[in-house]
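S.K.: Just need the structure, nothing else, for what follows:
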Amino acid sequence: MIFTQPVVYEFPKLRVPTLLMIGQTDTTAIGSDIAPPEVKARIGKYPELGKATQKAIPGAELIEFAKLGHAPQMEEPAKFNQALVEWLAK
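M.R.: Residues are numbered from 1 along each chain as shown. Predicted coordinates for the structure are as follows:
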């Protein structure tokens, strides 16, 4: 789906509680290996993307992990799990 349709346009339609948990050092960008240099320079910027996505999803909450990358749930599982459990308890 990520290659066949842009999902960003669907974000405002979400009506479920949404939590974004994003590692701020993540630079993953699907398709970056085939992107032209000018596009490659603009993608994979999760500190910006996380905030933009939070604004696009009604009522979304964002937890940013300053020193973690693409898989905060594996890099620091205790920290990730604590944040998730605290959010679920609300």
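S.K.: And Q54, how far from T4?
M.R.: Q54 is 25 Å from T4, where distance means C-beta to C-beta, to the nearest Å. Bear in mind the C-beta positions are built from the backbone N, C-alpha and C, glycine included.
S.K.: what do you get for P58?
M.R.: 25 Å.
S.K.: Who has more neighbours out of those two?
M.R.: Neighbours per residue (other C-beta atoms under 10 Å) separate P58 from T4, with P58 holding more: 12 against 6.
S.K.: Wait, that one touches V16, no?
M.R.: No: P58 is not in contact with V16 according to C-beta atoms under 8 Å; the separation is 9.7 Å.
S.K.: what mean pLDDT would you report for the helix or strand that contains E48?
M.R.: Element membership of E48, judged by DSSP states H and E, is helix 46-56. Averaged across helix 46-56, the pLDDT comes to 94.
S.K.: Send me the next helix or strand after it as CSV with only the CA atoms.
M.R.: Using DSSP H and E, the helix or strand that directly follows helix 46-56 along the chain is strand 61-65. C-alpha atoms of strand 61-65 as CSV (Å, rounded to 0.1, in the frame of the first residue of the first chain):
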residue,chain,number,x,y,z
GLU,A,61,-0.9,12.1,20.7
LEU,A,62,2.9,11.9,20.0
ILE,A,63,5.6,10.4,22.1
GLU,A,64,9.1,11.2,20.8
PHE,A,65,12.1,9.2,21.8
